[in-house]
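Engineer: turn this into a structure:
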Amino acid sequence: MATQSPVEDRHAVQADNLLFNPRTFDPADLDPESRRLLRATIDFFESRGKEQLKADDRERVWYSDYLDFIAHEGVFATFLTPAAEAGGSPDKRWDSARICAFNEVSAFYGLQHWYTWQVSILGLGPIWQSANAAAKQRAAKLLDEGAIFAFGLSEKAHGADIYSTDMILTPDGDGFRATGGKYYIGNGNKAGMVSVFGRREDVDGEDGYVFFAADSRHPSYRLVKNVVNSQNYVSEFRLVDYPVAPEDILHTGREAFDAALNTVNVGKFNLGFASIGICEHAFYEAIAHADARVLYGRRVTDFPHVRQAFIDAYARLVAMKLFSDRAIDYFRDASPADRRYLLFNPITKMKVTTEGERVVDLLWDVIAAKGFEKDMYFEMAARDIRALPKLEGTVHVNMALVLKFMANYLFAPEAFAPVPERRDAADDEFLFRQGPARGLSKIRFHDWQVAYAEFAHVPNVARFSEQAAGLRALLETAPPAEDQATDLDFLLTLGELFTLVVYGHLILERAKQKALDADVLDQIFDVFERDWSAYATALHGKASSTEKQQAWALDAVRKPVVDEPRAARVFERVRALAGAYEMRP
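Structural biologist: From the prediction side, this is the model:
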């Protein structure tokens, strides 16, 4: 017989507050206007319902009704206008806490609606970093009118290789004439302003870089096509003898190069939160479906392999949220003297989004063919979760960036004042004056071992911390040889081990802030120990690994501390989510 576990009884015993639930969402740590706009966004989607959401997705309908809602409520204008350009409005500011909340909420209802917001953020980045007051006033006015924005960086032949741009600006009196193409540019069909990166024809090297603002309605702006089969318009466009006046220039020279990288720093942080939103919606559907099914006389969620899949998916998803929420604090507290966010930022983009894929895969293994059905949100999630690791720099590019911080993080800690939880209604103006995009090897970090020591009473945290300490031993006794230092295949696996140390570090800091249930924390690190052992085994098998490194790798393999009652308690938290949320038809 199937085990009886009435949803209403389970909810009475154990309501989960770690995942976003539209039915109960009330972010009390945010200001009233932020809460109102987030709630209004939820109500917009819930009132439309899942049938319309799915129909529009299938038919690739441009989301004009959503953009009308955004304009009417002033969502983008309120959330994406820095205080300096707010004209005295008390609610307008660039507040990363509520921006990240909107990432999660909008992606919960589909990547398409999140994407138009994401590329607007990228398009605004070079404008808000600029000293061009007229361009900033124009952008603020367009936001008030409900406009969206675009970021004209990548090109068909070069991708995001900005060293090789073929957007050429030819001097013409006080300004220029721009000719060239851009590719994979979201919102390129309707953007009020497009921030375009190019280079001067008459100036060599980085001094010739230029960022300028273009208007998608200008006759010299030629829209070629939508390069994707989606509700989004991800454009290819060409500028043909496009007039660039002095008032259109946003940045020149090295500043234009830095503006491109610093804009990506701001924008790529959003991807992890979008992945979280997608996974949360998929999780509700998957657990509701599985817990209601009886096969071979047993409830599906009573099968041991199904329980393990849900426990692991839940642990990974909660870990994604804990890390990302703590990274917000470092992002908001950043300054020229504290640039630790530059490590936590690519990990949010890279690690959290790849963990999102793993969560969806675990859920999909359980619900199987149900995940293909056209009436399921899951069908969208399974498709869209793949995109996030590949946007704003591949996983490999971001891992190469993460490796630049490894030596200082592991071996050269520095004393810092504790970074508090940052959900205050403040303007994160530093993000638009990040300065030169270099000097990463000089950035220092606080001692990661302190957080691990505080949770040494949690069995799997203690065991994982031993594994993490082993990474230091590897780098001291068998560091990458000269040939391995250029072997990205070897370094990427080493980077996975390092990333897990940092990932666990911020998760522990957030766990302390939230007084996280010890069972959940122990289960998270149970997963991490298995991941660590898998990465160590992969390192052992690399073609270039030395005998010393191979010996270290085998010694680094550990089995988690098994606690069946703990796993059962975590599973009951998971099972309580069955029926906790279902989108309106």
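Engineer: pLDDT weak spots in the protein?
Structural biologist: 1-16 (pLDDT under 70).
Engineer: where do the strands sit along it?
Structural biologist: Counting by DSSP state E, the chain has strands at residues 149-152, 168-172, 175-186, 193-200, 209-214, 221-226, 234-244, 249-252, 294-295, 298-299.
Engineer: please compute how far the fourth one lies from its chain's middle.
Structural biologist: It refers to strand 193-200. From the chain centre to the centre of strand 193-200 is a distance of 25 Å (C-alpha atoms, centre = their mean, to the nearest Å).
Engineer: same thing with the third one?
Structural biologist: Its chain's C-alpha centre and that of strand 175-186 lie 27 Å apart, by C-alpha atoms, centre = their mean.
Engineer: then stretch 274-286?
Structural biologist: 14 Å.
Engineer: which other residues reach stretch 47-66?
Structural biologist: In this structure, residues lying in contact with stretch 47-66 by C-beta atoms under 8 Å, 6 or more residues apart in numbering are 44-45, 109-110, 112-113, 116, 229-231, 233, 374-375, 377, 379-380, 583-585. C-beta coordinates here come from the backbone N, C-alpha and C atoms, glycine included.
Engineer: now those residues: which count as buried?
Structural biologist: Neighbour-count burial (16 or more other C-beta atoms under 10 Å) applied to these gives 44-45, 109-110, 112-113, 116, 230-231, 233, 377, 379-380, 583.
Engineer: could these be laid out in CSV, adding distance to residue 161?
Structural biologist: Formatted as CSV, the buried ones among the contacts of stretch 47-66 follow (distance: C-beta to C-beta, whole Å):
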residue, distance to residue 161
44, 39
45, 37
109, 34
110, 30
112, 27
113, 30
116, 25
230, 24
231, 28
233, 24
377, 36
379, 34
380, 31
583, 41
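Engineer: for the residues you listed, which one is nearest residue 562?
Structural biologist: residue 377 (34.3 Å; C-beta to C-beta).
Engineer: for the closest one, give me its contacts.
Structural biologist: 50, 53-54, 110, 281-282, 285, 583.
Engineer: change it to 10 Å
Structural biologist: By C-beta atoms under 10 Å, 6 or more residues apart in numbering, the contact list for residue 377 reads 50, 53-54, 57, 108-110, 278, 281-282, 284-285, 582-583.
Engineer: same check on residue 266?
Structural biologist: So residue 266 contacts 94, 96, 99, 121-122, 124-125, 128-129, 331, 345, 392, 428, 431-432, 434 (C-beta under 10 Å, 6+ apart).
Engineer: one more pass at 7 Å, please.
Structural biologist: 121, 125, 431 (C-beta atoms under 7 Å, 6 or more residues apart in numbering).
Engineer: neighbours of the nearest residue to residue 388 once chain neighbours are set aside, just the number please.
Structural biologist: Closest residue in space to residue 388, ignoring its immediate chain neighbours: residue 353 at 4.0 Å, by C-beta to C-beta, 6 or more residues apart in numbering. By other C-beta atoms under 10 Å, 28 other residues sit near residue 353.
Engineer: who's in contact with residue 353?
Structural biologist: Counted by C-beta under 7 Å, 6+ apart, residue 353 has contacts 271-272, 275, 388-389.
Engineer: one step back: looking at the strands of the chain, which is buried most?
Structural biologist: Comparing the strands of the chain by mean neighbour count (mean count of other C-beta atoms under 10 Å), strand 149-152 ranks first with a mean of 29.
Engineer: the residue nearest to residue 40 when sequence neighbours are not counted and residue 326, how far apart?
Structural biologist: Spatial nearest neighbour of residue 40, chain neighbours left out: residue 73 (5.5 Å); criterion: C-beta to C-beta, 6+ apart. In this view, residue 73 and residue 326 are 30 Å apart by C-beta to C-beta, to the nearest Å.
Engineer: these two: which has the busier surroundings?
Structural biologist: residue 326 (25 against 16).
Engineer: my guess is that one contacts residue 508. True?
Structural biologist: No - Residue 326 is beyond contact range of residue 508, at 8.9 Å (criterion: C-beta atoms under 7 Å).
Engineer: distance to residue 405 and neighbour count added to the contacts of residue 266, as CSV?
Structural biologist: Shown next, in CSV, are these (distance: C-beta to C-beta, whole Å; neighbours: other C-beta atoms under 10 Å):
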residue, distance to residue 405, neighbour count
121, 24, 22
125, 23, 25
431, 19, 22
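Engineer: closest to residue 384 out of those residues?
Structural biologist: Distances from residue 384 to those, taken by C-beta to C-beta, are shortest for residue 121, at 18.1 Å.
Engineer: dump the residue contacts of the spatially closest residue to the closest one that is not a sequence neighbour.
Structural biologist: Once flanking residues are discounted, residue 121 sits nearest to residue 267: 5.3 Å by C-beta to C-beta, 6+ apart. By C-beta under 7 Å, 6+ apart, the contact set of residue 267 is 118, 121-122, 125, 392.
Engineer: let's see that with 8 Å instead.
Structural biologist: Residue 267 touches 118, 121-122, 125, 151, 392, counting by C-beta under 8 Å, 6+ apart.
Engineer: can you check residue 416 too?
Structural biologist: Contacts of residue 416 (C-beta under 8 Å, 6+ apart): 338, 340, 446.
Engineer: thinking residue 510 is in contact with residue 325, fair?
Structural biologist: Yes - in this structure residue 510 lies within contact range of residue 325 using C-beta atoms under 8 Å: 5.5 Å.
Engineer: so where do the helices sit in the stretch 201-350 of the chain?
Structural biologist: Applying DSSP state H, counting those that start in this stretch to the stretch 201-350 of the chain gives helices spanning 254-292, 304-332, 341-367.
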